[in-house]
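[1] build me a model from this:
(2 chains)
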Amino acid sequence: MSGGGPLVRFEGVTRRFGGIAAVEDVSLDILEGEFFALLGPSGCGKTTLMRMLAGFETPDEGRILLAGEDLAATPPHQRPVNMMFQSYALFPHLTVEKNVAFGLKMAGMSKQAMGERVAEMLKLVRLESFASRMPHQLSGGQKQRVALARAIARKPKVLLLDEPLAALDKKLREETQFELTSLQTRLGITFLTVTHDQDEAMVLADRIGVMSEGRIVQVGRPAEVYEAPLNRFVAEFVGDINMFEVIVDVVDNASARLTGPDGVFKFVAAACPPKGASAWLAVRPEKMRLSSARPPKGAVNVLAGKVKGLAYVGDWTTFLVETGPDRVVRVARANASRGAVTHASGDEVFVSFDADAGVMLPR
Amino acid sequence: MSPRRDKSWMAGALPYLWLTILFALPFLLVFKLSLSDVALSIPPYAPQFHPDQIPAFFKGLDLETYARLITDPLYVRAWLSSLKIAAISTVLLVLIGYPLAYGMSRCSKGAREVLALAVTLPFFTSFLIRIYAWIAILKPAGILNAALEALGLPPAAIMNTDVAVYIGMVYAYLPFMVLPLYAVLDKQDEALLEAAADLGATRFAAFWKVTFPLSLPGLAAGSLLCFIPLVGEFVIPDLLGGSRTLMIGKTIWTEFFANRDWPAASAAATVLLVTLVVPLVLFQRQRRVVA
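    Presented below is the predicted three-dimensional model:
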C-alpha cells in the first residue's frame, strides 16, 4: 500500500430524498491505495454516499473530488471508478467472458488486448474454466467473483463494493474476505466498501468510517474504532459493550473515582473528564473477569451478581450476569481449554475489571 | 379413514381436456371435410359418415382438394398476400409498440399503472364498432378528409385500400404487442442499467447492449401474438380493404358461404393452421434451448 494524498475527498456533501437528508454534511478523505469501509446500520446513508461517488446520485450540497478534480460534471459512464453491485447485476444474456469484457468493449479496447485482459481477470478470480458459462449457471460465490472481475477489468482508480459479501454464506464469506484483502494489496487499487457487518469491516479495511443517520461519526483504524469509540453509538454498533451510568466524583491526575447506580468505579486513562461530569463508563465483555470467589480486598471495580444465562458459541462463552434489578452485565470468556465453561445459570458470581479496561463516553 | 388418493393429476388433465374439446375435435372435423369432395346435397359434401358404412366412408376420402389448392394460383396468391400483409403489419406494430412499451416502463409507478390500463381500454368497446369507427374516419366523405379540407390539403383516398387494412390491423393489435413488451421491460432490473453505465456505456449503448437483448422474449411473444391472428384476419380486410385486398381469411369465407365449397375452405384452413403452427413450435423449442 502506497501512502499518498487523499484520492477521494467528500467536502460537506449532503443528499436529501423528499426533504429528508440521507447524507448530511459529510466530509471525508480516502487515501490512495487504502481499503476503506463505510460501516453503519441500514438506512444510515452509507450506500447513498458511495452511489454519489459512482455518479448514480447527485449531491444537493458539497463537492466530491477525485484526485483533486470535481466530479460534479462527469456522468457515471465517464468516471474512473467501478462498482461491484450488491445484487452483482451481471448481464443475464451474456457469458461470463462477455460480462467481464463489457467495460473494455465500451472503452474501445482492441479485440486482442481485450481477450488478454479478460483472461487475466478470470485467472485472478480463478474462473478460467467458466468463461463460456451463463450467469444463471453459476453459484453465488462464482457470481460474486465474476462481478469482481468485471469491476476491476477497467483498472478503476477506486473500486466500490456494495455489501460485497452479504449474499454469501458464512464460510464462503470468511474465505472471500481474505481473498479481497490480498487482491487489493496486489492490485494497489483503492477499495471503498459499504457494509453493515462490523466483522467484515474490521477484517477488510485499513480504516473504517462509522456512519449514523447520514453523518460520519468516527473514522479510524479498526482497533481505534473498537478500543476507543468516540460515543455510545459507535461503542454499541461495533461489538458488544457494557454501559455504566456514572458521575465523575474525584479526579486525581490520570485517575478518577466514578459513582453511579451500579456502585463506585476506579478509572485510569491519559485524559479524564472533569469533576462533576456525567458520562458513560463503557467496558467490553472480554475485558471483564468472572469468579466464584470474592476478589481479594483492595480489588477495584467489583460487582456481585448471579448468572442469569449464558451463550456458548464454541470459542467464546458470554455470561449474562444480573448485578441488580433489571441490570445485566455481559462477560465474555475465551474457552481456552476444553470443558472450560465454569459457571452455570443461577451461580453467585463476582464480575470485576481493571481500572484501565473501560473508556469514558459523553452522556 | 381411507388413505387420501393423490388427485393432483386432475389439475394437469384439465388443459388437455379443454384443448381436446375446443381444438382437437373441431380441427379433426375440418380436416375430415378437407378430404371430402363437393356434392349437391345437404350438407354439400361427400362422403358422409354412416356408422354402418365405415370402410366406404374412408374410401371416399382423398387429397384431391389439396391438389386443387396448389394448382389454383388464387389460393397461393391469397396465402402469400396474407403472410405479406401480416408480416408488414407486425413490423409496423413493433416500430410503434416498442417505443410505447419502453416509454411506459420508464414512467413513474402511478403513471405506469394508468398507461397500462389505457392500453387495454379499447377492449372495453366492441371490436366491430371500433373498426366501423375507422370507416367513418377514412371514408371519402369522412372525418379525415374533412380535416384535410379544412387545412386546405387535397383529400386522401385511403378507404378500401391496403393502407386502410394496415391502419386497422395496427390499431386493433397494438395492445397485443405493447403488453408483452411492457411486461419484460417493466421487470428489467434497474441495477443492470447502472452497471452498464458504471462500465462506461452511454444511455444509447446501454439500451442496445442490455435493455434491447433482454426484451427479445417479449418482442417474440408480442410478434407471434400479432402475426398469427393477423394472417387469418377476416373482419379488418373485409370492412376496410378493397376488392383487390387478397387475404386467406376472406378466401375461406367466400368458399364457405358464396361458393358452398366446404372441402376447399377446410383445406385452406388446414394449410393456414399448419403454416402457423410450425414456426410456433420452432419458437418454443428455441426458447427451451435459451432457458
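[2] poorly predicted segments of the chain, please.
    You didn't pick a chain, so chain A it is. Applying pLDDT under 70 to chain A flags the ranges A:1-5, A:340-341.
[3] actually chain B
    Using pLDDT under 70, chain B drops low at B:1-3, B:288-291.
[4] quick one: classify the residue nearest the centre of it as helix, strand or coil.
    In chain B, the residue lying closest to the centroid (Cα atoms, centre = their mean) is residue B:229, at 1.7 Å. Per DSSP: H, G, I helix; E, B strand; the rest coil, the local secondary structure of residue B:229 is helix.
[5] which parts of chain B sit against chain A?
    B:189, B:191-192, B:194-202, B:205, B:209-210, B:213-214 (Cβ under 8 Å from any Cβ of the partner chain). (C-beta placed from N, C-alpha, C; glycine too.)
[6] what subset of these is buried?
    B:191-192, B:194-201, B:205, B:209-210, B:214 (16 or more other Cβ atoms under 10 Å in any protein chain shown).
[7] show me those residues that map onto helices.
    Applying DSSP state H to those, the entries found in helices are B:191-192, B:194-198, B:205, B:214.
[8] redo these as TSV? Include distance to residue B:69.
    Putting these into TSV (distance: Cβ to Cβ, whole Å) gives the following:
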residue	distance to residue B:69
B:191	54
B:192	50
B:194	56
B:195	54
B:196	52
B:197	56
B:198	59
B:205	50
B:214	42
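[9] on the three-state scheme, the residue nearest to the residue nearest to the centre of chain B when sequence neighbours are not counted is what?
    Distances taken as Cβ to Cβ, 6 or more residues apart in numbering or on different chains put residue B:173 closest to residue B:229, at 7.5 Å, once the chain neighbours are dropped. Residue B:173 falls in the helix class when you classify it by three-state DSSP.
[10] tell me the contacts of residue B:173?
    By Cβ atoms under 8 Å, 6 or more residues apart in numbering or on different chains, the contact set of residue B:173 is B:89, B:93, B:226, B:229-230.
[11] which two in those residues are spaced the farthest apart?
    B:93 and B:229 (11.8 Å; Cβ to Cβ).
[12] longest helix anywhere in the chain?
    Chain wasn't specified; assuming chain A. Assigned via DSSP H, chain A shows its longest helix as helix A:170-187.
[13] please refer instead to chain B.
    helix B:73-105.
[14] and the next helix or strand past it?
    helix B:109-120 (DSSP states H and E).
[15] tell me the buried residues in whichever helix or strand comes after that next one?
    Later in the chain than helix B:109-120, the nearest helix or strand by DSSP H and E is helix B:127-138. For helix B:127-138, the neighbour count (16+ other Cβ under 10 Å) marks B:131, B:134, B:137-138 as buried.
[16] now stretch B:93-107
    B:93-94, B:97-98, B:100-102, B:104-105.
[17] same check on stretch B:17-26?
    Buried, per 16+ other Cβ under 10 Å, within stretch B:17-26: nothing.
[18] mind listing what residue A:274 touches?
    Contact partners of residue A:274, counting by Cβ under 8 Å, 6+ apart, are A:248, A:251.
[19] phi, psi for whichever residue of the stretch 1-150 of chain B sits closest to chain A please.
    Using Cβ to the nearest Cβ, the closest approach of the stretch 1-150 of chain B to chain A is made by residue B:108 at 13.6 Å. Residue B:108 adopts backbone torsions of phi -70, psi 160, taken as degrees, to the nearest 10.
[20] residue contacts, it?
    With Cβ under 8 Å, 6+ apart, residue B:108 has no contacts at all.
[21] and residue A:133, how far is that from residue A:98?
    Using Cβ to Cβ, to the nearest Å, we find residue A:133 at a distance of 11 Å from residue A:98.
[22] now swap in residue B:250 and tell me
    48 Å.
[23] quick one, which of those two is more surrounded?
    residue B:250 (20 against 17; other Cβ atoms under 10 Å in any protein chain shown).
[24] on the three-state scheme, the more buried one is what?
    With three-state DSSP as the criterion, residue B:250 reads helix.
[25] looking at it, it is touching residue B:236, isn't it?
    No - with contact defined as Cβ atoms under 8 Å, residue B:250 does not count as touching residue B:236 (10.2 Å).
[26] quick one, phi/psi of residue A:248?
    Dihedral angles (degrees, to the nearest 10) for residue A:248: phi -70, psi 120.
[27] what sits against it?
    A:256-258, A:272-279.
[28] if it is in a bridge, with which residues?
    residue A:258 (DSSP bridges).
[29] do you know how far it is from chain B?
    51 Å (Cβ to the nearest Cβ, to the nearest Å).
[30] do residue A:145 as well
    Residue A:145 is 16 Å from chain B, by Cβ to the nearest Cβ.
[31] same question, residue A:31
    Residue A:31 is 23 Å from chain B, by Cβ to the nearest Cβ.
[32] now the residue lying closest to residue B:49 once chain neighbours are set aside, what are its backbone angles?
    Nearest residue to residue B:49, sequence neighbours excluded (Cβ to Cβ, 6+ apart): residue B:57, at 5.5 Å. Main-chain torsions, residue B:57, degrees, to the nearest 10: phi -60, psi -50.
[33] spit out the contact partners of residue B:57.
    Neighbours of residue B:57 in contact, by Cβ under 8 Å, 6+ apart: B:47-50.
[34] next, count neighbours for residue B:14.
    Neighbour count for residue B:14, taken as other Cβ under 10 Å: 10.
[35] three-state assignment of it?
    helix.
[36] cool, and residue A:328?
    Per three-state DSSP, residue A:328 ends up strand.
[37] so what's it bridging to?
    Bridge pairing for residue A:328 - DSSP bridges - gives residue A:322.
[38] was I right about it contacting residue A:321?
    Yes - under the criterion of Cβ under 8 Å, residue A:328 makes contact with residue A:321 at 6.8 Å.
[39] quickly list what's touching both of those two.
    With Cβ under 8 Å, 6+ apart, residue A:328 and residue A:321 have common neighbours residue A:308.
[40] what about these two, which has more around it?
    When residue A:328 and residue A:321 are compared for neighbours, residue A:321 comes out ahead with 26 against 14, by other Cβ under 10 Å.
[41] which one is the more buried one nearest to, not counting chain neighbours?
    residue A:305 (4.2 Å).
[42] what helices or strands is the helix or strand containing the one you found leaning on?
    Residue A:305 belongs to strand A:302-312 when assigned by DSSP H and E. Strand A:302-312 sits against strand A:316-324, strand A:327-334, strand A:348-352, with contacts defined as 3 or more Cβ pairs under 8 Å, 6 or more residues apart in numbering or on different chains; DSSP states H and E.
[43] again, only using 10 Å
    Strand A:302-312 sits against strand A:263-268, strand A:289-291, strand A:316-324, strand A:327-334, strand A:348-352, with contacts defined as 3 or more Cβ pairs under 10 Å, 6 or more residues apart in numbering or on different chains; DSSP states H and E.
[44] which residues are in contact with the third one?
    Yep, that's strand A:316-324 we're talking about. The contact list for strand A:316-324 (Cβ atoms under 10 Å, 6 or more residues apart in numbering or on different chains) reads A:240, A:242, A:244, A:261-263, A:285-286, A:288, A:290, A:303-312, A:327-335, A:340-345, A:347-351.
[45] convert the C-alpha atoms of stretch B:121-129 to PDB, please.
    The C-alpha trace of stretch B:121-129 is given here as PDB (Å, rounded to 0.1, in the frame of the first residue of the first chain):
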ATOM      1  CA  LEU B 121     -59.100   0.400 -22.600                       C
ATOM      2  CA  PRO B 122     -60.100  -0.200 -26.300                       C
ATOM      3  CA  PHE B 123     -61.100  -3.800 -25.300                       C
ATOM      4  CA  PHE B 124     -64.000  -2.300 -23.400                       C
ATOM      5  CA  THR B 125     -65.600  -1.400 -26.700                       C
ATOM      6  CA  SER B 126     -66.800  -3.900 -29.300                       C
ATOM      7  CA  PHE B 127     -64.100  -4.700 -31.900                       C
ATOM      8  CA  LEU B 128     -66.600  -4.300 -34.700                       C
ATOM      9  CA  ILE B 129     -67.700  -0.800 -33.500                       C
END
